[in-house]
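Engineer: A predicted structure for the sequence below; I have some questions about it.
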Amino acid sequence: MPADRLHLVRHGEVHNPRRVLYGRLPGFGLSVDGRHMARQAAEYVHGLDRPVSA
């Protein structure tokens, strides 16, 4: 069945006070605000009550 709606979700803000172009370097986790952003995105998508996949 083709999708009638597509949601693209990006991670939240990363803790990066020195503004390093980190790409895929380890050690750059989400900031407190970034975790909040990710939680809000997850709650929104969950509330759509539709199948979710990667």
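Structural biologist: Alright, I've got the coordinates.

Engineer: and residue 2, how far is that from residue 45?
Structural biologist: Distance, residue 2 to residue 45, by CB to CB, to the nearest Å: 19 Å. Placement of C-beta: from N, CA and C, glycine included.

Engineer: most centrally placed residue in the protein?
Structural biologist: For the chain, the residue nearest the mean C-alpha position is residue 11 (2.4 Å; CA atoms, centre = their mean).

Engineer: hang on, isn't that residue packed against residue 30?
Structural biologist: Yes: the pair residue 11 and residue 30 qualifies as a contact (CB atoms under 8 Å) at a distance of 6.6 Å.

Engineer: and the gap between residue 35 and residue 6?
Structural biologist: According to CB to CB, residue 35 and residue 6 sit 25 Å apart.

Engineer: more neighbours: which of the two?
Structural biologist: Comparing residue 35 with residue 6 by other CB atoms under 10 Å, the one with more neighbours is residue 35, at 15 against 5.

Engineer: re earlier: tell me which of residue 2 and residue 45 has more neighbours.
Structural biologist: Each of residue 2 and residue 45 has its neighbours counted (other CB under 10 Å); residue 45 has more, 13 against 3.

Engineer: quick one: contacts for the more buried one?
Structural biologist: Listed by CB atoms under 8 Å, 6 or more residues apart in numbering, the contact set of residue 45 reads 7, 9, 52.

Engineer: which stretches of this structure have low pLDDT?
Structural biologist: Applying pLDDT under 70 to the chain flags residues 1, 3, 53-54.
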